[in-house]
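K.L.:
show me how the following folds:
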Amino acid sequence: MELDRIVLRGVRARGRHGVYDVEREQGQEFVVDVALRLPLRAAAASDDVADTVHYGELADEIAAIVGGEPVSLIETLAERIAAAVLRDERVATVEVTVHKPSAPIAPAFDDVAVTIVRERMP
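P.N.:
Residues are numbered from 1 along each chain as shown. Alright, predicted model coming up:
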């Protein structure tokens, strides 16, 4: 089966994730990138959004997960996002990167991110 890609980068949402109380109380911005592998030939042929993953709806779902129930680790947050994406049976593989650019780290840094890759299990 041919697998194509849909990539959505830079979905920003405020969440209350982290191991420290201040992170849970004040919250902070998280940035999420996702790359989906799925066949897109049918969508290209039909030119119908119903035959593909609607990336606007996907962005809304990611933002809702980030803004939802807090977790301690961005690894857990990435796993939740991956599981939500894989609920669409057309998606064979998803790569999720969760960036935490305001992580409470003393030295100056540009970004902290976790990337996971999950495949649909047969």
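
K.L.:
C-alpha only now, for contacts and for neighbours.
P.N.:
OK.

K.L.:
quick check: phi and psi on residue 66?
P.N.:
Dihedral pair for residue 66: phi -60, psi -40, per degrees, to the nearest 10.

K.L.:
cool, residue 75 as well?
P.N.:
Taking degrees, to the nearest 10, you get phi -60, psi -40 for the backbone angles of residue 75.

K.L.:
tally of neighbours for it?
P.N.:
16 (other Cα atoms under 10 Å).

K.L.:
and the pLDDT for it?
P.N.:
We have a pLDDT of 98 for residue 75.

K.L.:
then residue 91?
P.N.:
Listed pLDDT for residue 91 reads 98.

K.L.:
identify the residues contacting the nearest residue to it once chain neighbours are set aside.
P.N.:
In space, and not counting its chain neighbours, residue 91 is closest to residue 38: 4.8 Å by Cα to Cα, 6 or more residues apart in numbering. Residues near residue 38 by Cα atoms under 8 Å, 6 or more residues apart in numbering: 2, 3, 4, 5, 6, 90, 91, 92, 93.

K.L.:
using the three-state scheme, assign the fourth one.
P.N.:
What that stands for is residue 5. strand (DSSP: H, G, I helix; E, B strand; the rest coil).
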